[in-house]
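Chemist: with the sequence up front, the predicted model follows.
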Amino acid sequence: MIALMMRWFREICKVKEERFRLKLQLHDREAVKRIEKFWSEVTQLPLSQFTKTTVEISKSSKMTRRNTLHYGILQIRVSDIKLFTKIRGWIRGLEALSSSLVQDVRFSI
């Protein structure tokens with residue numbers, strides 16, 4: 001999904017490479033460098049575009065951790081208000097389209 005989102009941002013949204021920032025949250029303090037390298041390869045972004053990696057264990061899961069996320073949680077951040085507004089417009093357009101399609105289906109039944 002991350003690779004797909006990066007491709008969507010690059011090809012559809014035309015986000016410039018320097019606009020990306022990546023935020024990584026992990027549970028394994030020992031594997032930080034290895035996991036950062038993994039996500040750097042997946043996103044095709046240098047480590048310099050990563051913000052500080054957070055290593056923490058949720059208080060609610062300390063006793064029950066079994067199936068941890070081995071590669072952590074990665075957030076893709078793009079600071080661009082124009083892009084935000086454009087995506088919001090796309091979403092509203094899709095909502096309007098789906099709403100009219102639902103009404104068309106109701107009338108044809």
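Modeler: That came in fine, so what should we check first? It should be emphasised that the depicted structure is a prediction, and the values quoted were computed from it without experimental measurement. Residues are numbered from 1 along each chain as shown.
Chemist: neighbours of the spatially closest residue to Leu69 that is not a sequence neighbour, how many?
Modeler: Excluding its sequence neighbours, the residue lying closest to Leu69 (Cβ to Cβ, 6 or more residues apart in numbering) is His27, at 7.1 Å. Where C-beta positions appear, they are placed from N, C-alpha and C, glycine not excepted. Applying other Cβ atoms under 10 Å, we find 17 residues neighbouring His27.
Chemist: over to Gly72?
Modeler: Neighbours of Gly72 (other Cβ under 10 Å): 21.
Chemist: relative to Lys82, how far out is it?
Modeler: 30 Å (Cβ to Cβ, to the nearest Å).
Chemist: mind listing what's buried in the helix or strand bottoming out on mean pLDDT in the chain?
Modeler: Ranked by mean pLDDT, DSSP states H and E, the weakest helix or strand in the chain is helix 81-108, scoring a mean of 84. For helix 81-108, the buried set under the neighbour-count rule, 16 or more other Cβ atoms under 10 Å, is empty.
Chemist: and that helix, what other elements does it pack with?
Modeler: For helix 81-108, there is no helix or strand it packs on, judged by 3 or more Cβ pairs under 8 Å, 6 or more residues apart in numbering; DSSP states H and E.
Chemist: just the strands in the chain please.
Modeler: 20-26, 54-55, 73-78 (DSSP state E).
Chemist: just say which of those is most tucked in.
Modeler: Most buried of the strands of the chain, by mean neighbour count (mean count of other Cβ atoms under 10 Å): strand 20-26, with a mean of 18.
Chemist: quick revisit: out of the strands of the chain, nearest to Ala3?
Modeler: Ala3 sits nearest to strand 73-78 of all the strands of the chain, at 10.7 Å, using Cβ to Cβ.
Chemist: packing partners of that closest one?
Modeler: Partner elements for strand 73-78 (3+ Cβ pairs under 8 Å, 6+ apart): helix 2-11, strand 20-26, helix 32-43.
Chemist: residues contacting Lys33?
Modeler: Not one residue lies near Lys33 by Cβ atoms under 8 Å, 6 or more residues apart in numbering.
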